[in-house]
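Q: Requesting a structural model of the entry that follows:
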Amino acid sequence: MRADLGKDPSQVSAMFDGVAARYDLTNNVLSVGNAPLWRVATTRAVDPKAGEKILDVAAGTGTSSASLARSGASVVAADFSPGMIEVGRQRQAHVPNLVFVEADATDLPFGDDEFDAVTISFGLRNVNDPQQALREFLRVTKPGGRLVVCEFSHPANPLMRTGYDVYQRWIMPSLVRLTSSNDTAYEYLNESIGAWPDQAALAARIRAAGWSEVAYRNLTGGIVALHRGRKPGTPPVE
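A: Coordinates of the predicted model:
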């Protein structure tokens, strides 16, 4: 099955259940090998440190979570797809400081001021109420804590934008049919990227949710953008 842009949580969750087994392979192929580079950039932006507690929302199979956990930080991988969590627990069973939790980004089952950093990669656009999710991220982050959002965006260069459109329309569907266990789900991928706000608009939404020091930088010419923010307040003395 596939979801639509109404982003009904049950539909989106079921859609990701259906692609979980081959999700990482498909992502690596569709990104033309860029997915690992984007993950490295995101991990560096989060800047995890040993002893910190980090929440990775929409963590999927936990590939990004495992990257964060290599620092020695305690990482919670949250996702609302039971299928993704099941695959993630199997693949990341060797990571001792990583736990998986089934959770809705708009109603997180965590206390106030619990995490040193919250991050989400390629998941915010799949949430039915992104603004509420951003407010929830703020709630569970400690004062002075960090937010990093890695998400598909809009290339600024007209030539790259045209090339990317050609890739999405004509090349990606063929690659999906070769690699994905549910190729119709990836029709939603293209639609959701096209409907997603550009870099400046997303930065404005993050500020509106209460985050300060909001900034962004483009990856791969703006096909992906990294947005960062900080929760106002003084970090607690440990």
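
Q: For the most centrally placed residue in the chain, which residues count as its bridge partners?
A: By Cα atoms, centre = their mean, the chain has its centre lying nearest to S121, at 1.7 Å. With DSSP bridges as the criterion, S121 is bridged to C150.

Q: what residues are up against it?
A: Counting by Cβ atoms under 8 Å, 6 or more residues apart in numbering, S121 touches 38-39, 42, 56, 58, 64, 149-151. To be clear about C-beta, it is placed using only N, CA and C from the backbone, and glycine gets the same treatment.

Q: any chance you could map the helices in the protein?
A: Ranges of helices in the chain, per DSSP state H, are 9-19, 23-30, 35-46, 63-69, 82-91, 130-140, 158-166, 172-179, 185-195, 199-208.

Q: For the protein, give me the ranges with low pLDDT.
A: In the predicted model of the chain, residues 1-33, 167-168, 170-188, 236-238 satisfy pLDDT under 70.

Q: at 80 instead, please
A: By pLDDT under 80, the weakly predicted segments of the chain are 1-34, 163-192, 235-238.

Q: quick revisit: export the contacts of S121 to TSV and tack on distance to L98 and neighbour count?
A: Conversion of these to TSV gives the following (distance: Cβ to Cβ, whole Å; neighbours: other Cβ atoms under 10 Å):
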residue	distance to L98	neighbour count
W38	20	21
R39	15	18
T42	16	23
D56	9	32
A58	15	24
S64	11	26
V149	20	31
C150	18	24
E151	22	22
